[in-house]
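Kindly generate the corresponding structure for this input.
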Amino acid sequence: MDAHDVDLIPAGTAFSPADIIHYADPDMRDLAQAISDADVLVTAPHAGAAIPEELAGFLSPDLTRRLQVDFSDIATAAVVKRWAEIDPRIVAVINPHPRLVRDPNRVQPSDLRADVREAFDRVRAAGPRRDADLTGVDAVRPVTYSSFPVLSAPRSDVELARLVETLSHVASQGLDVYEATREELTDLFITKVLAQGGAFTRLSFHDSMHAPMRADGALNDDPAVQVEMPAVVALSNYGDEVGEQCGAADPVTMAPVELRRLAEAHRREFEVAEPEAVTLNRPYRGSHEILDAAERFARVSAETGPADASFAAVQAEFSRAYVLGPRALEELSEPGEAWVEEDHERIEFLAYACKRAWDAFRDGS
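You can find the predicted model right below:
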């Protein structure tokens, strides 16, 4: 693997909470003041794309930067950072590592080596470039969602052990810091709301491309393999398509009426022409980050009894095509190995639209 083929984080790089927490006016406010002023914690579990250099020897020799970045939600990183800069009512935490290290939006495996082995076995059984069902063992995915190999399959138990040991080691330098920081910030927000009353929402921020990427780097134009993404964003509370609870075993993570109000705020502030540009729980209902947060909120509410406090968790899955914009989408429709340049005007628009949408939601308008 030529280190110049992909983006690598220099070996030994260790991130601190201060490196990954973002909020407005850090020169004038410390973190405690930022939390005091805010009521939304934005988490970005998949925004990192650069791979720790320690993993370079385990990567597929055919991995390109475009395929690497496609396997991330990197389009959200700049939006979340800019939103945090302009909005004193949010605090954000961004995972500096890619989901390749381990996906923090999945339940942490009790036996990482067993899950990684099983994931490779399923990929091998499916065959090259064929979809493998990795349900339950996708905390570390050896292939992209286009079934392109990211990690080379270990040729022995020794190689597998070395890979898992390296994954765990690098996780301690970034991913583990993200998870611990996410939970510590959540605890601080909960403590504040229980003491003062008010509301706290944890927002898990993502993007998804409607079309998978081919090995040559071009988006696949075959409608049969594309995902039906909304034009702007899917907002999810683990409910149905109007935000209501699906069944007794699946409580929603945000009250249905609140989710619908949030959707209306997004439709207005993102200036969408059609209501279906913002969907509820379609195509994704939400995953570990919002479910885990909701379980914690339920325990807190049960332990503390009635209080002037409310907690919610919601997932926002933006259309990557919408976030990147038409120029970038056109470039990604052609073969290539490089990723597209950031559109700073578009990032500015999206960040301010996020701020306006959440302001409108809070105000009840």
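
just the helices in the stretch 51-200 of the chain please.
65-70, 74-86, 112-126, 157-171, 175-196 (DSSP state H, counting those that start in this stretch).

what does the model give residue 307 for pLDDT?
In this prediction, residue 307 carries a pLDDT score of 73.

ok, now residue 75?
pLDDT at residue 75 comes out at 89.

What number of residues are in the vicinity of it?
As a burial measure, residue 75 scores 30 neighbours (other CB atoms under 10 Å). Every residue, glycine included, has its C-beta placed from N, CA and C.

wait, it sits on residue 320?
Yes. Using CB atoms under 8 Å, residue 75 is in contact with residue 320, at 5.4 Å.

which neighbours do these two share?
Residues touching both residue 75 and residue 320 (CB atoms under 8 Å, 6 or more residues apart in numbering) are residue 207.

Which of the helices of the stretch 51-200 of the chain sits closest to residue 337?
Of all the helices of the stretch 51-200 of the chain, helix 65-70 sits nearest to residue 337, with 5.4 Å by CB to CB.

got the CA positions of that closest one in CSV?
C-alpha atoms of helix 65-70 as CSV (Å, rounded to 0.1, in the frame of the first residue of the first chain):
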residue,chain,number,x,y,z
ARG,A,65,-9.1,8.0,-1.7
ARG,A,66,-12.5,8.4,-3.4
LEU,A,67,-13.6,4.9,-2.2
GLN,A,68,-12.2,5.6,1.2
VAL,A,69,-14.1,8.9,1.6
ASP,A,70,-17.3,7.3,0.1
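
Turn the helices of the stretch 51-200 of the chain into a markdown table, columns for distance to residue 267.
Shown next, in a markdown table, are the helices of the stretch 51-200 of the chain (distance: least, CB to CB, whole Å):
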| stretch | distance to residue 267 |
| --- | --- |
| helix 65-70 | 28 |
| helix 74-86 | 18 |
| helix 112-126 | 39 |
| helix 157-171 | 38 |
| helix 175-196 | 27 |
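
Residue 95: which of these is closest?
Set against residue 95 and scored by CB to CB, these come closest in helix 175-196, at 4.1 Å.

Check which residues of that closest one are buried.
175-179, 181-182, 185-186, 188-190, 192-194 (16 or more other CB atoms under 10 Å).

do stretch 336-350 as well
339, 340, 343, 346, 347, 349, 350.

Which ones among the residues you listed map onto helices?
Within the buried residues of stretch 336-350, residues falling in helices by DSSP state H are 346, 347, 349, 350.

Just flag the most distant two among these.
347 and 349 (7.4 Å).

what ranges of the stretch 1-150 of the chain fall below the confidence cut-off?
Along the stretch 1-150 of the chain, segments meeting pLDDT under 70 span 1-4.

Kindly report the same for the stretch 201-350 of the chain.
305-306.

Show me where it has its strands.
Per DSSP state E, counting those that start in this stretch, the stretch 201-350 of the chain carries strands over the ranges 233-236, 278-280, 309-319.

Please save the CA atoms from stretch 234-250 in PDB.
Extracted as PDB, the C-alpha positions of stretch 234-250 are listed here (Å, rounded to 0.1, in the frame of the first residue of the first chain):
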ATOM      1  CA  ALA A 234     -34.600  11.700   6.800                       C
ATOM      2  CA  LEU A 235     -35.400  12.400  10.400                       C
ATOM      3  CA  SER A 236     -35.700   9.300  12.600                       C
ATOM      4  CA  ASN A 237     -37.100   8.400  16.000                       C
ATOM      5  CA  TYR A 238     -37.200   4.600  15.500                       C
ATOM      6  CA  GLY A 239     -40.900   5.000  14.600                       C
ATOM      7  CA  ASP A 240     -43.000   4.700  11.400                       C
ATOM      8  CA  GLU A 241     -43.300   7.000   8.500                       C
ATOM      9  CA  VAL A 242     -45.300   9.600  10.500                       C
ATOM     10  CA  GLY A 243     -43.200   9.300  13.600                       C
ATOM     11  CA  GLU A 244     -45.500   7.100  15.600                       C
ATOM     12  CA  GLN A 245     -44.400   4.100  17.600                       C
ATOM     13  CA  CYS A 246     -44.200   0.800  15.600                       C
ATOM     14  CA  GLY A 247     -44.900  -1.600  18.400                       C
ATOM     15  CA  ALA A 248     -44.800  -2.000  22.200                       C
ATOM     16  CA  ALA A 249     -41.200  -3.300  22.000                       C
ATOM     17  CA  ASP A 250     -39.900  -0.400  20.000                       C
END
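
any idea how far residue 106 is from residue 162?
23 Å (CB to CB, to the nearest Å).

who has more neighbours, those two?
Using other CB under 10 Å, the more surrounded residue of residue 162 and residue 106 is residue 106, with 19 against 14.

how much space between the more buried one and residue 288?
Note on residue 106: its distance to residue 288, by CB to CB, is 5 Å.

cool, residue 43 as well?
Where residue 288 is concerned, residue 43 sits at a distance of 11 Å (CB to CB).

who has more neighbours, these two?
Neighbour count, other CB under 10 Å: between residue 43 and residue 288, residue 43 has more, with 30 against 16.

neighbouring strands for the helix or strand where the more buried one lies, and are they parallel or not?
Taking DSSP states H and E as the definition, residue 43 sits inside strand 40-44. Sheet pairing for strand 40-44, assigned by DSSP bridges, gives strand 90-94 (parallel), strand 198-208 (parallel).

Tell me which of these is the most buried.
Of all the strands paired with strand 40-44, strand 90-94 has the most neighbours on average by mean count of other CB atoms under 10 Å, namely a mean of 24.

got the contact list for it?
Residues from elsewhere that reach strand 90-94, judged by CB under 8 Å, 6+ apart: 20-23, 31, 34-35, 38, 40-44, 47-48, 77, 80-81, 83-84, 178, 181-182, 185, 358.
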